[in-house]
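K.L.:
Sharing a model prediction with you, sequence too.
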Amino acid sequence: MDRRVKVTAGIVEDHPVVIEGITSWISADPEDRIQVVLVAHDLTALPPATGPVADVIILDLELHGKLVTGQLARLVAAGNRIVAFSAHSDPGLVRDVLDGGAHA
């Protein structure tokens, strides 16, 4: 019996070098437990609230110079699990992101 867990991931990031880094990190898993099923440069590439697009979305909080924290509630309401990352470290922003439903 194969006990490996297969997790699907979506990456939403506007910098190709970061997308490449995340994808390489995921690809380095020797047990191949994570599969990238979506790469997008902005949130418009995600379908409307019809359900999750992946088991987890790895989301940059600033896309094309604008914070997208106001979109978290919509993404979470659609059933998406969000792992947010950002260069912004303001405690209030971090609290807002976690309160908005991000898992990490």
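P.N.:
Sure, I can see it.

K.L.:
Which stretches in the chain count as helices?
P.N.:
For the chain, applying DSSP state H gives helices covering 16-27, 72-77, 91-99.

K.L.:
ranking those by burial, who's on top?
P.N.:
Compared across those, helix 72-77 shows the largest average neighbour count, a mean of 16 (mean count of other Cβ atoms under 10 Å). Any C-beta I mention is one placed from the backbone N, CA and C, and that applies to glycine too.

K.L.:
Could you name the helices and strands sitting against that helix?
P.N.:
For helix 72-77, the packing partners by 3 or more Cβ pairs under 8 Å, 6 or more residues apart in numbering; DSSP states H and E come out as strand 82-85.

K.L.:
Go through the strand it packs on and flag the buried ones.
P.N.:
By neighbour count on 16 or more other Cβ atoms under 10 Å, the buried set for strand 82-85 is 82, 84-85.

K.L.:
now residue 52, nearest residue through space, not along the chain?
P.N.:
In space, and not counting its chain neighbours, residue 52 is closest to residue 79: 4.1 Å by Cβ to Cβ, 6 or more residues apart in numbering.

K.L.:
how far away is the one you found from residue 94?
P.N.:
Separation of residue 79 from residue 94 (Cβ to Cβ, to the nearest Å): 23 Å.

K.L.:
Much appreciated, bye for now.
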